[in-house]
Structures are given as structure tokens and as C-alpha cells.
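Undergrad: I'd like to go over a predicted model; first the sequence, then the structure.
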Amino acid sequence: MCGIVACRTSAPAVEFLLPALSRLEYRGYDSAGVALTARGRDALHTMRAVGRLAVLEDMVAMESPSPDLGIGIGHTRWATHGAVSEPNAHPHRDCGGAIAVVHNGIIDNADELRARLQSGGHRFSSEVDSEVIAHLVEEAYASCGSLVEAVRRAVHQLRGTWALAVTSANSAEVVLACYRSPLVVGSSETEHFAGSDMIAMIGRVAHVHVLQDGDIVELADHVSWTDMKGNQLTPRSPVTVDWDAEDAEIGVYEDFMEKEISEQPAVSARLLDRLLPGVANGLLWKNLALPSFRSIRFLACGSSLNAAAAAARVFRDVADIPARTIIASEFEEKVGGEVLTIAVSQSGETADIVSALRQVHGPVLLITNAPYSTLARGADAVIDCGSGPEIGVAATKTFTTQVIAGAALGLSAAAALGRSSGSEISQQALALAKVPDRLEAAHLTSFPVAHALAGELAQAPGFFFVSRGAGMPYATEGALKLKEITYRWCDAIPAGELKHGSISLIEDGTPVVVIDSGSPVRLHGAASEMATRGARIIRIGPEGSGAAFPVLADVEGPWGPLEGVLALQHLARSVAVALGRDCDKPRNLAKSVTVL
Ligand code: F6R
């Protein structure tokens, strides 16, 4: 899971490549690099640096590449094959240094190809699978003399997944290829741009074309699209870039996570404006035109799995449809029959889900923030969460919009299938419509509380998150959020389960975040049992209840105490900031996990 960019412009290529890489840094940030060239130039200017993009930016400023270098490719890496080092950073070059390649994906037969190429005299300078592509292109170019044809011959030999951008010192062009890894291309007049994600192109083009598996695109004076056999293709249908530059800028905020937490009321309102008209009349569900089914399984990972758990409850409670969640990486197709699979993935690229869905034969509905992603291309129906770019690695607004989309779908399914009374669905739809205002109130209340608690809580080595029933997906999400950005251990446990073992971990001062939900008696009983043993109880509860975070609605919808997630996100972020962590780019993590 890396970010790739490419351009062929009349301005210095770095003016596009560096800002575009910075927007793609969420995809990986352990090293970065660019390779630049120009028409009539017989060399590539390649710069690679270990560390954040800022290190590469400094290198570019020092080396000050010639401004006529308007053709270029760039990469921001998240290491999977080979250590984090300059030789392993992209772009990778052929033996003569005249061909450069950036790659996102995994080449499964890299060892085999490397051995063959080495025995033919090719010299490798890195440990990474991607380098074989540069040598394959070199080999093919020597016999055909055309970069696009050489890339075509190279990809024919690959097994695995790839999004590629290739340039060469001799041909004044960039060639792109993709297979099960995202890549978009866009043009403005005579300039051409490409990137792993539309976000790279913000402000440059109004439309992009999304490459499909097997497409090979040549960015030369004109853009030409061909398939793996060399047949001409018409460019894929254009997709409007409806994100503004502002959506991808940090603005007045300290970090993207803070910005994205605060955007939740607005993005939720926008989503509900789109979905609510189809809820009580069942049209949102009916228009998906899915075949009939008896049960639902949600497939997801991480935060999306937690959102799926909240959504599954709506299907069970209101639509009376058996619905369960399955960790995508643990999925094994056992039951055939009439099962609807709902995949939930903000990126639409998560390899664990892509791989699980290969085993699924029935219909697939996708809830995503990336409606042109790999998963979207394979789904029978797609619900776009429309959250705008989420740059902080920790999911915040995408979690919330997934819950809302899932809840709206569950209510609409109940209406469409006649599983609940019209008045109950209308009442729930009304409660859903109030969510943006509740999120806003929870945001304003939670921010100062979390800030005030952070210094004290930063001293704690670990945390418990406790709830019941509909609150559990949020307890689990709170624990995930805190652990991923603070590097403290966190455990989420249903209140009743504590006494069966975990309570032995409670010491004087152990923070226990209690999310009010389900039966208050059992929850409060468990909280006081822990308090008696020295736990530091931090409650997320309704207004006027004496909770540290008084943010929950008095009566919660079947999707549970969603407002509480604002408290959980602020808490995680404030503790991370107090510990001096980079909450936007936590260690060892990247946003779009395209490896198994
Ligand atoms: C946590 C987080 C991850 C993702 C998970 C699935 O903050 O973001 O746990 O939720 O990697 O990613 P998607 O939703 O892209 O499938």
C-alpha cells in the first residue's frame, strides 16, 4: 500500500509530484522518491529519501532539478518487501538507469522472475519485488524499442497486483498499467496527471478516468488507452473530481485527525440529505435491486468492522433479518444459499476483503468512501458514504458515515420488506435525522473534556473500554482508536464479562471508559465493582447524568450511542497529543491496507 503519482506537464514536474505525494502520504510514509526527465534529455534525475516526504522535499530543494524536467513519476512507500532503506525506496531502475518504475501492489512471482533475470545478467540493487518490473521493461524495450509495448510485455509476465507508472530517459512519456490496484488519470489541455487516488489530482483536473484491470495508458503528446493485447480502448468514463483543494488542506487545525473529527456533523448531514428520502418508503433499499436473501453477513476489518457491527444490529432489530459480522481476514465460505454479503470499507482497497470476496458467490453490496475503488468495481451495488478525503490514518468521519449509511439501509430494508410498522420506521428515520446535531453537540462538549483529562491519562499504561449491547461496537472502536495512535494497550469488554477474568488487571488508577448503553443496572454495577478496585472510571453518558462526557441522547436508536464516538475520538487524540505522538501517521500503520 503505497502512493504513486505521475505527470507529463510543461511546468517542472516536481510542482505536481511533491504536493500530490503529500496528499497520498496517508498510503505510506517510510520513504519516498521521484524520477524526472524531459523530451530530448538522455538521463533521468532520480531522488529518493528515507523518512517522511519532508526529507525528499529537502533533497529536491538542495538538488534543485532543472525546471525543464516536466515528465516525472513519484512514490511514497509503506514497506512490505524489504527493509526501509534508500535502495529499497522507489523509483526502481533498470541496469542502465534509463528506465524508472514506481509500483503499488505485490508481485507474487518476483523471486522466480528475479532469478531468471539475474541469470541473464541483470544486476539488482534492492530487495524489493517491484524492481523486477524495471528489469522486465528493460529486457522488452531492448527488443521492441517502444516503452508502452515493453510495459505490456512486462506485465504479461507478472502475477500479483500492480499499479505502475514507468518512464524512461529516451522516450519522453509515462506509461501506466494497473491490475487490482487503483490508478486514475486526468488531463488538462496538453498536460497529463496520474495518481493512486483522485485526491492527488485536486486542483489540477476536473475529471479523472479510473483504470480498469489490464488497462495500459500512455501519457505522451496525447493519451492512448490499450488493453493487455494492444487493442485500442476508448478512455473509461470520466468521474468528476468533486473535492476542493480545501478538503485536502489542514486549515486552522493542529492535525488532520482534529479536522476530520470536527467535520463529522457536516458530512453526516450531507449523507443523510442523500439517503433519508429513501428510508421510510423503502426506496433506498429497493433501488439497489438486490436479489432476495435470507440472511446478511457483513465483511470488514478494523474500524469498518466496528461500524458494521452497529449497522448489523439495525438489520436484526428493525428489519428482523439475521445479520452477523465477519472479520474479512478470517472469512471462509461455508454456507451457500441465500446470503447477502455487505462489505464495509472506507478505502475500497483492503486486500483482506478483496480476497474474502473472491470466495463469495452471492450478491455483494459495498458501503464505502471510495465508489471507484477495486471493491466497488466488483460489487453488485455500492453506497457512497461521501465523507470527502480522510487523510488522518485513524478512521474518524468514515466510521461515522459508515454507521449512518448502514442504519439508513437497515431501516429502508425494513420498510421495503415490510418487516416493521411504517410508524416505527418513520420514528427511527426522524431519530437518524437528528444525528448531525447530536454529533455537533457531542463534539463541542467532548473537546475540552478530553483535553482536560489528557495529561493525567497519558501516564496510564493501559485502558479498558466497557459497555453492553449496542454500545459494544463503540467501546471496541474507542479502544482501537486509542491504541492505534497512543501505542497504549487497550481492551474493550462487555461489562458482564469483566468478572470472568479481565478484572484482575484493574489496579489503582487504571482508566476504564464506560459507554452507557444496554442495561444501566448491569453497567453501573460493573463500573462500581471496578471503582472499588481502584479503577479510574470515565463515563460517556446522557446529559445531566453526571458523566464525564455528557453527550449521549436519552433514547438511543438501534444503531446505539453513536454520539459517544466523538468523545472516544477526542479522548484518543488528546492523549496521543499529550504523549507527543503523530496521530495522523501512527507508527507501523497505513490507511489503505492492500496486503494480506
Ligand atoms: C483504524 C482504521 C483501520 C481500518 C481498516 C479497514 O482507524 O482505519 O482499522 O478501518 O484497516 O480499512 P478499510 O475501511 O479501508 O477497509
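TA: Arrived safely. Numbering: from 1, shown residues only.

Undergrad: Neighbours of the residue of the stretch 251-400 of the chain found nearest the ligand, how many?
TA: Per CB to the nearest ligand atom, residue 302 is where the stretch 251-400 of the chain lies closest to the ligand, at 1.9 Å. Placement of C-beta: from N, CA and C, glycine included. By other CB atoms under 10 Å, the residues close to residue 302 number 21.

Undergrad: Close to the ligand: what parts of the stretch 251-400 of the chain are there?
TA: Contact residues (CB under 6 Å from any ligand atom) of the stretch 251-400 of the chain with the ligand: 301-304, 345-347, 350, 353, 394-395.

Undergrad: let's go with 5 Å and repeat that
TA: Counting by CB under 5 Å from any ligand atom, the residues of the stretch 251-400 of the chain lying close to the ligand are 301-304, 345-347, 350, 394-395.

Undergrad: got it, and the chain?
TA: Applying CB under 5 Å from any ligand atom, we find that the chain lies next to the ligand at 301-304, 345-347, 350, 394-395, 593.

Undergrad: Sitting in helices, which of those residues do you find?
TA: In helices, judged by DSSP state H, the following of those are found: 302-304.

Undergrad: what packs against the helix or strand where residue 15 lies?
TA: In this structure, residue 15 sits in helix 14-23 according to DSSP states H and E. For helix 14-23, the elements it packs on are strand 3-8, strand 31-37, helix 53-63, strand 71-77, strand 191-195, judged by 3 or more CB pairs under 8 Å, 6 or more residues apart in numbering; DSSP states H and E.

Undergrad: So among the residues of the chain next to the ligand, where is pLDDT lowest?
TA: Taken together, those show their lowest pLDDT at residue 593, with 73.

Undergrad: That one and residue 28: what is the separation?
TA: Here the criterion is CB to CB, to the nearest Å. By it, residue 593 lies 10 Å from residue 28.

Undergrad: hey, what's in contact with both of the two?
TA: Counting by CB atoms under 8 Å, 6 or more residues apart in numbering, the shared contacts of residue 593 and residue 28 are residue 1.

Undergrad: So between these two, which is more surrounded?
TA: Taking neighbours as other CB under 10 Å, residue 593 and residue 28 compare with residue 28 leading, 25 against 20.

Undergrad: what's around the nearest residue to the more buried one once chain neighbours are set aside, how many residues?
TA: What sits nearest to residue 28 in space, not counting adjacent residues and going by CB to CB, 6 or more residues apart in numbering, is residue 78, at 2.7 Å. Residue 78: 24 surrounding residues under other CB under 10 Å.

Undergrad: Wait, residue 78 touches residue 27, no?
TA: Yes - using CB atoms under 8 Å, residue 78 is in contact with residue 27, at 6.6 Å.

Undergrad: Can you pull the residues that touch both of the two?
TA: 1-2, 590.

Undergrad: Just give me the neighbour total for residue 115.
TA: Per other CB under 10 Å, the neighbour tally for residue 115 reads 11.

Undergrad: what's the closest of the helices and strands packed on helix 14-23 to residue 135?
TA: The closest of these to residue 135 is strand 31-37. By CB to CB, the value is 15.4 Å.

Undergrad: most distant residue from the middle of this structure?
TA: Distance from the centre of the chain peaks at residue 532, with 41.1 Å (CA atoms, centre = their mean).

Undergrad: how close does that residue get to the ligand?
TA: 33 Å (CB to the nearest ligand atom, to the nearest Å).

Undergrad: next one: residue 60
TA: Distance from residue 60 to the ligand, by CB to the nearest ligand atom: 30 Å.

Undergrad: give the contact list for the closest residue to that residue other than its chain neighbours.
TA: Spatial nearest neighbour of residue 60, chain neighbours left out: residue 14 (5.6 Å); criterion: CB to CB, 6+ apart. The neighbourhood of residue 14, defined by CB under 8 Å, 6+ apart, consists of 34, 36, 60, 65, 69, 72.

Undergrad: Can you read off the pLDDT for residue 379?
TA: Note for residue 379: predicted pLDDT of 96.

Undergrad: Please tell me I have it right and residue 218 contacts residue 233.
TA: No - under the criterion of CB under 8 Å, residue 218 makes no contact with residue 233, lying 11.4 Å away.

Undergrad: Give me the common contacts of those two.
TA: Shared contacts of residue 218 and residue 233, counting by CB under 8 Å, 6+ apart, come down to residue 226.

Undergrad: So if I had to pick from those two, which one is more boxed in?
TA: Taking neighbours as other CB under 10 Å, residue 218 and residue 233 compare with residue 218 leading, 22 against 14.

Undergrad: How about the secondary structure of residue 185?
TA: Following DSSP: H, G, I helix; E, B strand; the rest coil, residue 185 is assigned to strand.

Undergrad: Surely it touches residue 217?
TA: Yes - counting by CB under 8 Å, residue 185 does reach residue 217; the two are 5.6 Å apart.
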